[in-house]
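[1] Take a look and give me a structure for this.
(one chain, ligands or ions: 1)
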Amino acid sequence: MTAKKTITGARIFDGIDWHDGAALVIEAGHVKAIVPASSAAAGGESFDARGLLLVPGFIDLQVNGGGGALMNEQPTLDGIRQICAAHAKFGTTALLPTLITDTRKVRTAAIEAGLEARAAAVPGFLGLHLEGPHLSVARKGAHDPSLIRPMEDDDLAEMLACAKALGCLMLTVAPENATREQVKALTDAGVVVSLGHTDAGFDTACAYAKAGARTVTHLFNAMSGLGHREPGLVGAALATGALHAGLIADGFHVAPAAMAIALRGKKGPGQIFLVTDAMSPIGTDQTIFSLNGREILRQGGRLTLADGTLAGADIDMLSSVRFVHEKLGLPIEEAIRMASAYPADAMGIASHKGRLLPGTDADFVLLTPELGMKSTWIGGDVVFSA
Ligand SMILES: CC(=O)N[C@@H]1[C@@H](O)[C@H](O)[C@@H](COP(=O)(O)O)O[C@@H]1O
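    Down below sits the predicted model:
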């Protein structure tokens, strides 16, 4: 990492506003400033990004796999490296490798791998997301029901130890199999607790939010719908400003009209952010893979178990940004925020990620004006170039 780098010629979006005729100045891997191009002092390396858009790097809080690796099947340092590298090709500069419901043994291996990835400073590795096994069997989705179980004392202890050692942990739980006291203990220890795979009613969801739950896992998927007398978790996610919610924007998981209604109806400051819920095929031509001994087929943009159950998404983050921009008509700035600023806010890491402000990590993406990939930068270094 050289001390100083300057990126010139691009239209720069810092997550709040556009800067035209400006240069991004990077020092020691961090944003130093965005300055008028004319006053960008010489010195250090200079990169010409004429005609391109420079936007904050994407943050994906739910990534089961990519580049042929699936966290459940390859809970190793190598698996994490593969996943991070695969998603960097689509603008993702920070992600949470996500382990869905599995055995204790696999979970322990995933935590070990996460600690190794942190020690090795794997580019793009942010922390871990453990989605399950403390979920509701009734809302299992593609999770193996035989492995879903209540949170016991030793589970809680393992999560607390993981949070302490790793520093960045998201945990999806269902109120059916995790108590409010457990959620409070976890959030007090800095774990971002997300509610999902649940039939929790509105009041229960609100009570869990009060206990510290901060986010909702893939809004609409694997939860009861918004009923007029029982708004459920969807209703709580939208009506409770404290909750942030992830959304899979592949056009198969949630109908565009439902996405638009949710975006219009979300009370702030909590926002709806994009997640890919991507699986191993991202960035490969894989058409079949296995999860807990069951086959998942990739066909026509969807990933399904033999019985047709959706099992994660076949989408990358840049395509998700394009989807909400092009299909929902969101301004490009807002589409980009949904993939950068909002997940950073949800995760509580906005002081150093999600926006390009003085002092934040120099994590950014260079795109063509048509939103094609050019290059991905993490900590001021190029990690992918198209
Ligand atoms: C990794 C994973 O498995 N993610 C879930 C899946 O479990 C669920 O089946 C699907 C649809 O849920 P829905 O049918 O309730 O909308 O959403 C996500 O793909």
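
[2] Let's verify whichever residue of the chain sits closest to the ligand: helix, strand, or coil?
    Of all residues in the chain, Gly141 sits closest to the ligand, at 2.3 Å by C-beta to the nearest ligand atom. For the C-beta atoms, the positions are set from N, CA and C on the backbone; glycine is no exception. Of the three states, Gly141 takes coil under DSSP: H, G, I helix; E, B strand; the rest coil.

[3] quick one, what contacts it?
    Gly141 sits next to 197, 221-222, 309-311 when contact means C-beta atoms under 8 Å, 6 or more residues apart in numbering.

[4] partner residues bridging the residue nearest to Gly270 when sequence neighbours are not counted?
    Once flanking residues are discounted, Gly270 sits nearest to His244: 4.3 Å by C-beta to C-beta, 6 or more residues apart in numbering. Beta-bridge pairing of His244 under DSSP bridges involves Thr215.

[5] quick one: the helices in the chain?
    77-88, 104-119, 153-166, 180-188, 202-210, 232-239, 256-265, 317-326, 332-339, 341-347 (DSSP state H).

[6] what number of residues lie near Thr287?
    10 (other C-beta atoms under 10 Å).

[7] model confidence over the longest strand belonging to the chain, on average?
    What stands out as the longest strand in the chain, according to DSSP state E, is strand 92-100. Strand 92-100 comes out with an average pLDDT of 98.

[8] Next, the angle helix 104-119 makes with it.
    Per axes from the mean of the first three to the mean of the last three C-alpha atoms, to 10 degrees, the angle that strand 92-100 makes with helix 104-119 is 160 degrees.

[9] For stretch 98-113, buried residues please.
    98-102, 106-107, 109-111, 113 (16 or more other C-beta atoms under 10 Å).

[10] What's opposite Gln299 in the beta bridge?
    Arg302.

[11] returning to what we had before: kindly identify which of the buried residues of stretch 98-113 also come near the ligand.
    Ile100 (C-beta under 6 Å from any ligand atom).

[12] Tell me which two of the buried residues of stretch 98-113 sit farthest apart.
    Thr101 and Ala113 (17.1 Å; C-beta to C-beta).

[13] Distance-wise, check the closest residue to Ala258 other than its chain neighbours relative to Ala335.
    Closest residue in space to Ala258, ignoring its immediate chain neighbours: Phe220 at 6.2 Å, by C-beta to C-beta, 6+ apart. Phe220 sits 19 Å away from Ala335, going by C-beta to C-beta, to the nearest Å.

[14] Kindly report the same for Leu195.
    Taking C-beta to C-beta, one finds Leu195 at 25 Å from Ala335.

[15] Which one of these two is surrounded by more residues?
    Using other C-beta under 10 Å, the more surrounded residue of Leu195 and Ala335 is Leu195, with 27 against 23.

[16] May I have the predicted confidence score for that one?
    98.
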